[in-house]
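Asker: Let me see the structure of the following:
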Amino acid sequence: MSSFVLNLNRYHFLSLFLLLIVLNPVFINAEDKLCDKVTDLKVDGLYSIPKEEFYSLIDVKEGQSVGKKDITRTVKRLFQKGIYDDIIVSISEKSDSNCVIVFKIIEKKIIKSINIENNNFITKSFIKKQLLFETGERVNHRNIELSIKNIQKAINQQGFANPIVTYKIIEKDIHNVELVIDIQEGTPIIIKKIILNDSSGLIDNFLTISEGDLYDRVAIQKMEQRIREYLIKNLFVSSTFSYSFDEGVLVIDFNRGKQLTISLIGNEKLSRDVIIKEIPTIELKEITDEVVEEFKKRIVNLYHSKGYPNISIIPAISSGEDFIDLQFFIYEGERYTVEDILFEGNSISEKRLKELLNLRKDNPYNPNFINTDIETLKEFYQSLGYLNVSIDQPEVAINDDRILIKFKIHEKDVKIIKSISFIGNNLVTTERLQGEIPIKIEGPLNEIDLAESRRKILEVYRKMGFDNVQVVIKRDIQDVATIIFEINEGNPILFGKTLFRGQIKTKYWVFNRERLHKERDIFQRSIILKERQQLYRTGLFSDIHVDFSEPYKVDEGVDSLFYRDVIFTVKEAPAGAVEFGVGYGEYEQYRGFVEVSYKNLWGLNRQGSFRTEVSSIEQRIILTYYDPWFFRESLPLKGLLLHEKKEERSLGSRDVRYRLKRTTASLGVEKKTSDNLNIEFFYDFSVVNTYDVQPDIVLSKEDTGTLIISALRPGLIYDTRDSPFDPTAGILAGITAKFASFLLFSETDFAKMSFYLNNYNSLLKGIVLATSLRGGLAKGFRNTRELPLVERFFLGGRTTVRGYEQDRLGPKGSDGNPTGGNLFAMGNIELRADVGKGIGIVSFLDFGNVWQRSDQISSLKYTTGLGLRYNTPVGPIRVDYGFKLNKDKGDSKGALHFSLGHAF
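Answerer: Residues are numbered from 1 along each chain as shown. Model (predicted):
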């Protein structure tokens, strides 16, 4: 038996490996083989990654042969993880050319903590901002050395001479270290005297340092920046600022320069504020003819964009010792709008051509667009094969304040494709390629379809694993066109190993479960893009970069395949968050919430949150848990624990209708069966204590006291909306059922179902028609005649039928308090108009009603009204007023509602 050891690290891996090849007879093998069969494979020293991940990265397998290149490639790949200092490979040869291979891993230490010592004046937070690393990262000596230099420089900039910064690394255990940074700030550099050379006295308003302070160059530079911003804003020209420091004396030399004033004479149609905004806010060294001409050009372009083609401007300059006066004498001329745009000589529809232009009917006439639109039309025609097209300067006819524009187009002959051929396509038939590409023989030659044809050919090959395929288009254009696609197919490539690096807390299994490819699958970049998108959707990463190794062969046989490794480099996003908010609603009045959440529990993308909500009528504490891969399947598990104390009040009088305390536990799964369809199934267990109930609300004994409700709750959701917060197109539909039974240890028995169907259609730009239809029914069974109060349906309020106060629509008791019901139906129609600057106006029609039994169904109640919206990133802030159209006797005329988010 013979054996040898490879001790391979980042710095001397290659030299040691070559030396061993020469000195060890095991390596001297014409076939590059170390042994015919690996009988045992071991790994020691793994800490940060599981064995499953380690074995997925190596080219050594039990029961297979192993060669030098397998070991070399494996070690290089492992070092790419960025977490290893040394990798020692031991190969022990047994009889019959069998061997045992042992990988001994020595990982880089993890920085468990960073401690700053002996700093007296400079804060620890300031020092940590200079570091190029954080706790949890691996020890990187180069980054540590650079960080030490950064700290020394920063301390010196803060006003200390010759600071000394050192560090030491203290091992806490076999894997973790403590980094201690020792700060010797050095001698303070004190400003003994300040000399200001400033005749204007302006600098006194910005001075933030005084005699006796540290010579803080950062503070001086910030002061200089504020001064320059002031000078630019107030149009000072030829300003200068400099400073020097010697033997405790700080000398500041400042000359504010001359202040530029701009006068506008003759501007009647456009205000001074609008015109002055076109003057660039930059630091001006001097006012030259070129600067004045640039100002003039910007003003002219502004007038052109507003429809004033005949604008004329004459500048005049005068100056004194501390001022420059720049006057613009403006002749505005008449304003014109585009009456229409016509075309002559075109075989392409006017509608399609008009869509290409900057000039538009009924828009202000801008002469600057004429030449750009001519070029746009030329490029469009040439892309369609009209290579010799020409377009005359358009005819411009003025009719009062309207301008009619006519483009004359000389299309000339389009080039016809007479021949399409392929060279180098050995693996794909010509017939298949011809069927894939959009250009055809006897069809017109155009660059758009030609480029698309090349893309289609590349796509065909890449789906077959030929990632390095090259396609060159050659054209021979005379009276007709001959097209040749030269194809270099390259070699088929399969997926090799997949490596994930950069993660600190996230486990390998999170990455692996998002993979759509396996080793030895056909290599396709499109699959990697999908995997990258899926990793982003986890919310765990702020950056994901993908690299590919160069193609390599596992063996050197003539027919052996090429492989390509995939390397994902990630940067983890902060997993924890604290959110809070305050608001006001017409029913809850003042309200607020605080939520603490964490989205990477145990490094597995499991999420938990704690939320508390408070309003004038309700206090809630909510704990949630979410596991996106329950039982290692793509089956999200959701859990919730809720405790709430709530008062139901009348909106006007604020009288209490009833109070309740509820504790609910909910657990269930949901499954996304397609991009739009989601199925869910939950179990709910609630303990509800209802008390202080108005007598006329009580319909059964379950309406007061403590009640246990145990129920199953399946649901189905279909969503094609383009935005969850402010949709303009799509459908949101769903159906939910709830079954409570004594079989589930419930004290009440009922079945309950509700549905909703929301539809959104964009009618015109900025105008959306939104409609909603909702309904529900419930029925008690066994000993339950009436549903418990907390399970009955109520309508009225800002999200149901506006114009009615919260929950006031439907059956009422003898004292006029709403009792709720077992059936409801309602609908909403909204016309949403965006008027600009985030403001919207809504007109709506709502209708609906609630009934206790099906034999009591009566007519629907209708309301209409107007609303105002102000868009925010999380949905619009809205105010609605609804008018009752068929109100009952004693009802109010309407109600005001305001909240966040659309009604539906």
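Asker: So for stretch 78-97, what gets flagged as buried?
Answerer: 78-81, 83-84, 86-93 (16 or more other Cβ atoms under 10 Å). C-beta here means a position set from N, CA and C on the backbone, and glycine is covered the same way.
Asker: Quickly note the distance from Gly539 to Phe630.
Answerer: Distance of Gly539 to Phe630, given as Cβ to Cβ, to the nearest Å: 18 Å.
Asker: make that Ile409, sorry
Answerer: According to Cβ to Cβ, Ile409 stands 64 Å off from Phe630.
Asker: out of those two, which sits in the busier spot?
Answerer: Per other Cβ atoms under 10 Å, whichever of Ile409 and Phe630 has more neighbours is Ile409, with 21 against 15.
Asker: Buried residues, the one helix or strand that one maps to. List them.
Answerer: Using DSSP states H and E, Ile409 sits in strand 402-410. Neighbour counts over strand 402-410 (16+ other Cβ under 10 Å) mark Ile403, Ile405, Phe407, Ile409 as buried.
Asker: Tell me which helix or strand the residue nearest to Val43 when sequence neighbours are not counted sits in.
Answerer: Leaving out its chain neighbours, the residue that sits closest to Val43 by Cβ to Cβ, 6 or more residues apart in numbering is Phe103, at 4.5 Å. For Phe103, the element it lies in under DSSP H and E is strand 98-107.
Asker: Using PDB, write down the CA coordinates of that strand.
Answerer: C-alpha atoms of strand 98-107 as PDB (Å, rounded to 0.1, in the frame of the first residue of the first chain):
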ATOM      1  CA  ASN A  98      -8.400   0.900  -5.500                       C
ATOM      2  CA  CYS A  99      -8.000   3.900  -3.300                       C
ATOM      3  CA  VAL A 100      -9.500   5.900  -0.400                       C
ATOM      4  CA  ILE A 101      -9.700   9.700  -0.700                       C
ATOM      5  CA  VAL A 102      -9.900  12.000   2.200                       C
ATOM      6  CA  PHE A 103     -10.600  15.800   2.000                       C
ATOM      7  CA  LYS A 104      -9.500  17.700   5.000                       C
ATOM      8  CA  ILE A 105     -11.100  21.200   5.000                       C
ATOM      9  CA  ILE A 106      -9.600  24.100   6.900                       C
ATOM     10  CA  GLU A 107     -12.100  27.000   6.800                       C
END
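Asker: Need the residues that contact that strand.
Answerer: Residues outside strand 98-107 that contact it (Cβ atoms under 8 Å, 6 or more residues apart in numbering) are 34-48, 54, 58, 60, 66, 83-94, 138, 175.
Asker: hmm, try it at 7 Å
Answerer: 34-48, 60, 66, 83-94, 175 (Cβ atoms under 7 Å, 6 or more residues apart in numbering).
Asker: taking those one by one, which sit in helices?
Answerer: Among the contacts of strand 98-107, no member is found in helices (DSSP state H).
Asker: Which of those fall within strands?
Answerer: 34-35, 37-44, 66, 84-93 (DSSP state E).
Asker: Which residue ranges of the protein form helices?
Answerer: Listed in chain order, the helices of the chain (DSSP H) span 13-23, 51-57, 68-79, 124-128, 141-157, 217-233, 272-276, 289-305, 350-354, 369-383, 430-436, 447-463, 508-513, 525-537.
Asker: By mean pLDDT, show me the worst of the ones you listed.
Answerer: With a mean of 37, helix 13-23 has the lowest mean pLDDT of the helices of the chain.
Asker: per-residue confidence averaged over stretch 665-684?
Answerer: Per-residue pLDDT values over stretch 665-684 give a mean of 95.
Asker: I misspoke; the intended subject was stretch 838-848.
Answerer: Stretch 838-848 shows a mean pLDDT of 95.
Asker: Keeping just the C-alphas, turn it into CSV.
Answerer: Backbone C-alpha positions of stretch 838-848 (Å, rounded to 0.1, in the frame of the first residue of the first chain) are rendered in CSV as follows:
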residue,chain,number,x,y,z
GLY,A,838,-50.9,61.6,-8.2
ILE,A,839,-54.4,63.0,-7.8
GLY,A,840,-57.5,61.0,-8.9
ILE,A,841,-61.2,61.5,-9.0
VAL,A,842,-63.7,58.7,-8.7
SER,A,843,-67.4,58.4,-9.3
PHE,A,844,-69.2,55.3,-8.0
LEU,A,845,-72.4,53.4,-7.7
ASP,A,846,-72.8,50.9,-4.9
PHE,A,847,-75.6,48.5,-4.2
GLY,A,848,-76.4,45.7,-1.8
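Asker: Need the residues that contact it.
Answerer: The contact list for stretch 838-848 (Cβ under 7 Å, 6+ apart) reads 795, 800-803, 809, 824-835, 860-871, 876, 882.
Asker: And those, which of them are buried?
Answerer: By neighbour count, with 16+ other Cβ under 10 Å, the contacts of stretch 838-848 hold 795, 800-803, 809, 824-828, 830, 832, 834, 861-865, 867-869, 871, 876, 882 as buried.
Asker: Okay, and the beta partners of Ile262?
Answerer: Residues in a beta bridge with Ile262, per DSSP bridges, are Leu326.
Asker: I'd like to know how many residues surround it.
Answerer: Count around Ile262 with other Cβ under 10 Å applied: 16.
Asker: Settle this for me: it is touching Ile324, isn't it.
Answerer: No. Between Ile262 and Ile324 there is no contact, the gap being 9.5 Å when judged by Cβ atoms under 7 Å.
Asker: Please enumerate the strands of the stretch 551-700 of the chain.
Answerer: Per DSSP state E, counting those that start in this stretch, the stretch 551-700 of the chain carries strands over the ranges 552-553, 562-572, 576-585, 589-601, 606-615, 618-627, 637-649, 656-672, 677-691.
Asker: Please work out which of the ones you listed is packed deepest.
Answerer: Mean neighbour count (mean count of other Cβ atoms under 10 Å) peaks for strand 562-572 among these, with a mean of 19.
Asker: shaky segments in the chain?
Answerer: Along the chain, the model assigns pLDDT under 70 to residues 1-31, 94, 556-559, 652.
Asker: what does the domain assignment say about it?
Answerer: 2-107, 110-188, 193-255, 258-331, 337-410, 417-488, 493-572, 577-900 (automatic domain parsing).
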